[in-house]
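Participant: need a 3D model of the following:
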Amino acid sequence: MHPIAILWYVAVAQIPAPQGEWPVYGHDAGGSRYSPLTQVSRTNVRELRPAWVYRTGDLLHDRSRFEATPLMVDGTLYVSTPLGRVIALDPARGRERWRYDPRVDLHGDYGDFTNRGVSTWLDSRGGPGAACRRRIFVATVDARLIGLDAATGRPCADFGAAGTVDLTRDLRNAPEYAGEYEVTSPPAVVGDLVIVGSAVADNHRVNAPNGVVRAYDARTGRERWSWDPIARAPGMPGAANAWSVFSADPERDLVFVPIGSASPDFYGGARAGDNRWANSVVALRASTGQFVWGFQVVHHDLWDDDVPAQAVLLTLRRGARAIPAVAVGTKMGHVFILDRLLARMRVALRHAARGAGQPEEPVFAVGELRVDRERRRVHVGEREVHLTPLEYKLLAALVRHAGKVLTHGHLLKEVWGTHAVTQTPTLRVHMTQLRHKLERDPAQPRYLLTETGVGYRLRAE
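Facilitator: Coordinates of the predicted model:
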């Protein structure tokens, strides 16, 4: 079961929140994750002790992951679980006040079985004590947007159909199976709009479900606007979806959307050009969905280099000038600091564009390497290396084709099969695992694994 352990409440920032509250995923709309509270400091943090532990009851071995950030609003702690359940807790004692279960279909083939949190909205038209005056919004892994009464946990009957909006409707490319189109992050709330993205299986087919960003009326659940990162036309790829957390600048009517790769993510032959605005951070007019600016961190991605993190809004000071900026983290380890209003680059480590034609770069060197295929054992020198079945299949493929460049698509198909990649981490993660298990900095390397723009090659030295 997934436990929630509370040591102390720490948490503030761009858009001021009431003292001691944490009303948004990143504390404030700009994702600062900063708290001005001072009771816990460097001098006493070592004295913290668990105050209580609450167990959610969600337990799905090897499928679900607990990644939620709870909200603290109006004296109640709201948390979601991988199964989309929403739980309201007494923050002082950890006692359950209410629980809502959306009854997610557990038979779906979900590639990322998680839920990162909920969002909240206060209806300025509702009087104190009115039903659903404060609402909790949860977007589930089976692609539903649900509005709940924060006081009772009951669905708000005037939102969508009895409290629910089906997010799989009106997509250009409809999902082929349950789990091809998901939502795993909390929606952004700007004014009276609830803005939501999606998580798409972007290696299943070229015309995957489109990664449309949509805004819904927080009262009625009616769609107010939609924006698609890639122009939709016959033959165009799908995905380019925004699965991570959005940031917002309500004063400037902006929402900042981190966007992933187009489909298929590891093969660019089916999607010519830069694939804008995939692999980008994009600023939209929050009230209308109008495109304001975009910054693409990878052109024509071949590595599934989604923009994976919430953009952080900050003020960059250059002498006497205060520049509204946004910080964009990437999977490549690069951080871009952009002018929040113009998308002008203020600070950048390097503009990354990966693709074919790049020189080979060493990944790791290995000394004497022996692969016993009959007993599926691997030795480096005299040391036996214990690999997982998946890691063994990956290494065996490289050894079997030693000297040849194996493209990412070749390795993915040979190791995971045609469709199973939708349920596995990226290829580079497994290469990193192999590196940690095999590398021993030999004085006279026997094998060198090199990386190119399109794949890997194991060659004898």
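Participant: so what strands line up beside the longest strand seen in the chain?
Facilitator: For the chain, the longest strand by residue count, based on DSSP state E, is strand 321-329. As defined by DSSP bridges, the strand partners of strand 321-329 come to strand 312-318 (antiparallel), strand 335-339 (antiparallel).
Participant: how is this protein partitioned into domains?
Facilitator: What the record gives for the chain is the domain set 3-348, 361-460, from automatic domain parsing.
Participant: and those, which one is worst for confidence?
Facilitator: The minimum mean pLDDT among these belongs to domain 361-460 (a mean of 68).
Participant: could you report the neighbour count for residue 410?
Facilitator: Counted by other Cβ atoms under 10 Å, the residues lying close to residue 410 total 16. From N, CA and C alone the C-beta is placed, and that goes for glycine too.
Participant: residue contacts, it?
Facilitator: Contact analysis of residue 410 by Cβ atoms under 8 Å, 6 or more residues apart in numbering lists residue 455.
Participant: hang on, it in a helix?
Facilitator: Yes. The assignment for residue 410, made by DSSP: H, G, I helix; E, B strand; the rest coil, places it in a helix.
Participant: residues contacting the closest residue to residue 336 other than its chain neighbours?
Facilitator: Excluding its sequence neighbours, the residue lying closest to residue 336 (Cβ to Cβ, 6 or more residues apart in numbering) is residue 328, at 4.6 Å. Residues near residue 328 by Cβ under 8 Å, 6+ apart: 258, 281, 295, 297, 307, 309, 311, 335-338.
Participant: just give the nearest non-adjacent residue to residue 178, would you?
Facilitator: The nearest residue in space to residue 178 (Cβ to Cβ, 6+ apart) is residue 108, at 3.7 Å.
Participant: wait, doesn't that neighbour sit right on residue 180?
Facilitator: No. Residue 108 lies out of contact with residue 180 (Cβ atoms under 8 Å); the separation is 9.1 Å.
Participant: between the two, tell me which one has more neighbours.
Facilitator: Ranked by neighbour count (other Cβ under 10 Å), residue 108 and residue 180 place residue 180 first, with 25 against 17.
Participant: how near is the closest residue in space to that one that isn't next to it in sequence to residue 208?
Facilitator: Among residues not flanking residue 180 along the chain, residue 201 sits closest, at 4.7 Å (Cβ to Cβ, 6+ apart). Look at residue 201 and residue 208: by Cβ to Cβ, to the nearest Å, they are 6 Å apart.
Participant: not including adjacent chain positions, what is the nearest residue to the residue nearest the centre of the chain?
Facilitator: Per Cα atoms, centre = their mean, the C-alpha nearest to the average position across the chain is that of residue 244, at 3.6 Å. Of all residues not flanking residue 244 in the chain, residue 258 sits nearest, at 4.6 Å (Cβ to Cβ, 6+ apart).
Participant: circling back: ok, so of the contacts of residue 328, who is nearest residue 50?
Facilitator: Of all the contacts of residue 328, residue 50 sits closest to residue 309, with 28.7 Å by Cβ to Cβ.
Participant: for the closest one, helix, strand, or coil?
Facilitator: For residue 309, the assignment made with three-state DSSP gives coil.
Participant: and the closest residue to it other than its chain neighbours, what are its bridge partners?
Facilitator: Leaving out its chain neighbours, the residue that sits closest to residue 309 by Cβ to Cβ, 6+ apart is residue 329, at 4.2 Å. Going by DSSP bridges, residue 329 is paired in beta bridges with residue 335.
Participant: 405 is where my numbering starts, stick with that
Facilitator: Got it, the first residue is 405 from now on, which makes the last one we talked about residue 733.
Participant: distance check, residue 733 against residue 435.
Facilitator: With Cβ to Cβ as the criterion, residue 733 and residue 435 are 11 Å apart.
Participant: compare the two and say which is more crowded by neighbours.
Facilitator: Each of residue 733 and residue 435 has its neighbours counted (other Cβ under 10 Å); residue 435 has more, 25 against 19.
Participant: who are the contact partners of that one?
Facilitator: With contacts defined as Cβ under 8 Å, 6+ apart, residue 435 is in contact with 429, 649, 651, 714-717.
Participant: which of the residues you listed sit farthest apart?
Facilitator: Largest separation among those by Cβ to Cβ: 429 and 717, giving 13.5 Å.
Participant: circling back: pull the contacting residues for the residue nearest to residue 582.
Facilitator: With contact taken as Cβ under 8 Å, 6+ apart, residue 512 is in contact with 545-546, 581-583.
Participant: one more time with 6 Å, if that's ok
Facilitator: Applying Cβ atoms under 6 Å, 6 or more residues apart in numbering, we find residue 512 in contact with 546, 582-583.
Participant: just put those in JSON lines and tack on secondary structure and distance to residue 493.
Facilitator: What follows is these, written out as JSON lines (DSSP: H, G, I helix; E, B strand; the rest coil; distance: Cβ to Cβ, whole Å):
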{"residue": "546", "secondary structure": "coil", "distance to residue 493": "24"}
{"residue": "582", "secondary structure": "coil", "distance to residue 493": "30"}
{"residue": "583", "secondary structure": "coil", "distance to residue 493": "29"}
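Participant: between these, which sits nearest residue 562?
Facilitator: residue 546 (22.5 Å).
Participant: could you pull out the helices for the protein?
Facilitator: Remark: helices assigned in the chain by DSSP state H are 793-804, 812-820, 831-842.
Participant: right, so those helices: which one is the most enclosed?
Facilitator: helix 812-820 (a mean of 19; mean count of other Cβ atoms under 10 Å).
Participant: kindly export it (C-alpha atoms) in CSV.
Facilitator: This file holds the C-alpha atoms of helix 812-820, laid out as CSV (Å, rounded to 0.1, in the frame of the first residue of the first chain):
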residue,chain,number,x,y,z
HIS,A,812,17.0,2.4,-31.7
GLY,A,813,14.1,0.9,-33.6
HIS,A,814,16.0,-2.3,-34.3
LEU,A,815,16.9,-2.7,-30.6
LEU,A,816,13.5,-1.8,-29.4
LYS,A,817,11.8,-4.3,-31.7
GLU,A,818,14.4,-7.1,-31.0
VAL,A,819,14.4,-6.6,-27.2
TRP,A,820,10.8,-5.5,-26.4
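Participant: angle of that helix against helix 793-804?
Facilitator: Between the axis of helix 812-820 and that of helix 793-804 there is an angle of 130 degrees, by axes from the mean of the first three to the mean of the last three Cα atoms, to 10 degrees.
Participant: distance from helix 812-820 to the middle of the chain?
Facilitator: In terms of Cα atoms, centre = their mean, to the nearest Å, the centre of helix 812-820 is found 24 Å from the chain centre.
Participant: ok, stretch 427-445 next?
Facilitator: Here the centre of mass of C-alpha atoms in stretch 427-445, compared against the chain's by Cα atoms, centre = their mean, lies 20 Å away.
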